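Visitor: pasting the sequence and the predicted model now:
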Amino acid sequence: MQSRSDATRRILLRATKRTLAVCLLAALVPAQEVRSPNGKFLARIHAPGGVEVVDASGVTSGVLWSARTLDLPPKAEWRLTDDGHALAAIDVARALVQVVRDGKLLVLADAAALAIPQGILRDWLPTDVPSIRVRAVEREGRSAYRLDLLARDGGVRSIDLETGAIRLPRESPRPGPLAVDPGDPVAHADVDRFEPLAIGEWFAPEAIFEGEPLPVHVRGSLPTPAWKFGGFQILPRKGANDPVVLLPGALVPPPDLRSLMVLKGFEATASVSGLARGLHRIDVRGRPDAAPAADTSRAVRVLPLGTLVFFEAGELAVAWLDDGRVAASGKTRLASDEEQAALARAVAALPILSAKPGAAARATREFAWIVDGHPVRVVRAADELEPELARLEEVLRKLVPAADARDAYRVDPDHSFIEVKTGSGGLLSAFGHDHRLMVGKLAGQLAVDARDFTKSSVSITVQSASLAVVDDDSAKDRAEIEKEMNDHVLETARFPAIEFTSRSVEIRSRTKDVLEAVVEGDLALHGVVRRIRVPCRIELRDRALRTTGELKLKQTDFGISPTSAVAGTVKVDDVVRISFDVFATS
């Protein structure tokens, strides 16, 4: 008995010492305090595992809930809900999110659970825009809360702070080749049998979501009974800005078949797929002898999936999405509850509005919003806005960042080039020799602070499918090389854009109007984002500037696996060399 009592005393003594140590540590290290947005509750966080939440409004006294054995991150962004029940810790350095609800761990989500790409793990949350938000949602007539996290890849991760459910960003649909259903079944096999029909009228919605087919309803006349409706053709386009033209036709009977025919009205609906995000023009044409001289095409806006409101006026475009994002002036951020409430009120007040012919002839405002789950689009002249649309524009313009004091420059793609050189193997190792490729489509903006160039910024976007082979050695294999590059190397259908966004500018030297600089920023390539440093030379001119430089990249850094050729006898070069000469004007 004596031995057991001594052992018990020793256990109690050790426990007491541990308790005293914890208490002493809590006394020496001040608690971190986090208030709920409404100010009613206060969380006191004692590292490493103690939390207590109290009513800070003075309505009640005492502790709402507390915990003593949590393993909380030492450095975190903290958020407390307005009802005080849930506390979220966002560990940016480790890409870790913990949610404690009423003293118990509800969520422990790492980078894998949040589907954060490897390339942005180091700083997955942007710091230049609001990227963390707790928002209220209605659930069964009461308020519930969600934690929204806007990552650098542009997607929002949302965590239910009551159930712990995690909602990941939805994947944007991949635009494919233009196609129409029903298509002409014999247009290519027996083109002489497809005869265009006379068109009376046609209808199509003015706005759809990306990934959705565009329904085009056509009415016309068809010789019957021998002729049969044969579907639609999409006429070849000469340029990307040309309208998408549908041609409805009939299957003509063999010439030796004679029968009495009469004109009879027909109706058919074409479903056009493959339209990318943006503004398109659609047209339906019939028999050449009945084609009108005037342009009969109509505009169709393809909206990003999840768009609630879209607004465009000249160079300004603003979009509000259902996951709480606001995209305006090239930046995406999370909207506040107040901003979202103001937008919801402005949209709810909109009446049923009709189109006004002729508005496009003057300075216009384009609006799109959702009615019964479907987008509607309205275009108005600037001086003909209904009061409700004017109010919506006012609310949307408040979402735009404050005017930038820096000088704005736009890349001139016709006087700029980016060249990619591969070594033996390289991007296109299967062809066994070096290659030179040129970028065909690029765009970008520069914001230049002439007083302090370190405050300048640059963003460049390259359409990955626009890379074209230009060296003479590869001429005979050009089509095959470009197909290999698009389908298997860059995978342009999955990753249509290559984007560079600067984070800092370092000036090495300056002589009059010539600067030697290093631009550090994030390069998004093949679904991977990497931080790179780009040495460059900047020449300042009258209302223009020219930037030149070279850099090297490793394919494997961006998830591109070089492949060997000729049974492995051709050495694959992992490094590609990129040179650029970019001209921009203000």
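Guide: Nice, thanks for sending it over.

Visitor: partners of the helix or strand Tyr409 falls within, with directions?
Guide: Element membership of Tyr409, judged by DSSP states H and E, is strand 407-411. Applying DSSP bridges to the sheet, strand 407-411 is found paired with strand 442-448 (antiparallel), strand 575-585 (antiparallel).

Visitor: what are the contacting residues of that strand?
Guide: Contacts with strand 407-411, where a contact means CB atoms under 8 Å, 6 or more residues apart in numbering, come from 442-450, 460, 544-545, 582-586. In short, each C-beta sits where N, CA and C put it, glycine included.

Visitor: and it, average pLDDT?
Guide: On average, the pLDDT along strand 407-411 is 88.

Visitor: got the buried residues for it?
Guide: If you call a residue buried by 16 or more other CB atoms under 10 Å, then strand 407-411 has these buried ones: Tyr409, Val411.

Visitor: kindly report the same for stretch 237-252.
Guide: By 16+ other CB under 10 Å, the buried positions in stretch 237-252 come out as Pro243, Val244, Val245, Leu246, Leu247, Pro248, Gly249, Ala250, Leu251, Val252.

Visitor: show me how far it is from its chain's centre.
Guide: 30 Å (CA atoms, centre = their mean, to the nearest Å).

Visitor: what does stretch 230-241 give?
Guide: Distance of stretch 230-241 from its chain centroid, counting by CA atoms, centre = their mean, is 28 Å.

Visitor: cool, and stretch 61-77?
Guide: Distance of stretch 61-77 from the chain centroid (CA atoms, centre = their mean) equals 36 Å.

Visitor: tell me which residues of that stretch are tucked away?
Guide: Using 16+ other CB under 10 Å as the test for burial, stretch 61-77 gives Leu64, Trp65, Ala67, Leu70, Leu72, Pro73, Ala76, Glu77.

Visitor: pretty sure the fifth one sits in a helix.
Guide: By that I understand Leu72. No. Counting by DSSP: H, G, I helix; E, B strand; the rest coil, Leu72 falls outside a helix, being coil.

Visitor: these two touch, right, it and Val34?
Guide: No. Assessed by CB atoms under 8 Å, Leu72 is found out of contact with Val34, at 11.6 Å.

Visitor: what residues are shared contacts of the two?
Guide: Contact criterion CB under 8 Å, 6+ apart; residues shared by Leu72 and Val34: Ile45.

Visitor: residues touching the spatially most central residue of the chain, list them.
Guide: Closest to where the C-alpha atoms of the chain average out (CA atoms, centre = their mean) is Gly154, at 5.6 Å. Contact partners of Gly154, counting by CB under 8 Å, 6+ apart, are Pro169, Thr332.

Visitor: then Leu316?
Guide: Contact partners of Leu316, counting by CB under 8 Å, 6+ apart, are Ala328, Ser329, Arg397, Val400.

Visitor: state the distance from the second one to Leu316.
Guide: In other words, Ser329. Noted for Ser329: a distance of 7 Å to Leu316, by CB to CB, to the nearest Å.

Visitor: quick one: common contacting residues for these two?
Guide: Shared contacts of Ser329 and Leu316, defined by CB under 8 Å, 6+ apart, comprise Val400.

Visitor: flag the shaky bits of the stretch 51-200 of the chain, pLDDT-wise.
Guide: Scanning the stretch 51-200 of the chain for pLDDT under 70 picks out the ranges 185-192.

Visitor: now the chain
Guide: Using pLDDT under 70, the chain drops low at 1-31, 47, 185-192, 255-261, 289-294, 355-363, 403-405, 423-433, 472-477, 562-572.

Visitor: and for Arg170, the neighbour number?
Guide: Applying other CB atoms under 10 Å, we find 11 other residues in the vicinity of Arg170.

Visitor: could you find the closest non-adjacent residue to it?
Guide: The spatially closest residue to Arg170, leaving aside those adjacent along the chain, is Leu305, at 6.6 Å (CB to CB, 6 or more residues apart in numbering).

Visitor: name the element that neighbour belongs to?
Guide: Using DSSP H and E, Leu305 sits in no helix or strand.

Visitor: list the contacts for it?
Guide: Shown in contact with Leu305 (CB under 8 Å, 6+ apart): Arg170, Ser172, Pro173, Phe209, Glu210, Gly211.

Visitor: quick one: secondary structure of Ala390?
Guide: The local conformation at Ala390, judged by three-state DSSP, is helix.

Visitor: and it, how far is that from Leu303?
Guide: Counting by CB to CB, the gap from Ala390 to Leu303 is 22 Å.

Visitor: who has more neighbours, these two?
Guide: Each of Ala390 and Leu303 has its neighbours counted (other CB under 10 Å); Leu303 has more, 23 against 13.

Visitor: what bridges to the more buried one?
Guide: In beta-bridge terms (that is, DSSP bridges), Leu303 pairs with Phe209.

Visitor: just the helices in the stretch 201-350 of the chain please.
Guide: Secondary structure of the stretch 201-350 of the chain (DSSP state H, counting those that start in this stretch): helices at 337-348.

Visitor: would you map the strands across it?
Guide: Per DSSP state E, counting those that start in this stretch, the stretch 201-350 of the chain carries strands over the ranges 207-209, 214-224, 228-234, 244-251, 262-273, 278-284, 298-303, 307-313, 316-321, 325-328, 331-334.

Visitor: break this protein into its domains for me.
Guide: With domains defined by automatic domain parsing, the chain comprises 1-29, 31-167, 179-302, 306-397, 407-585.
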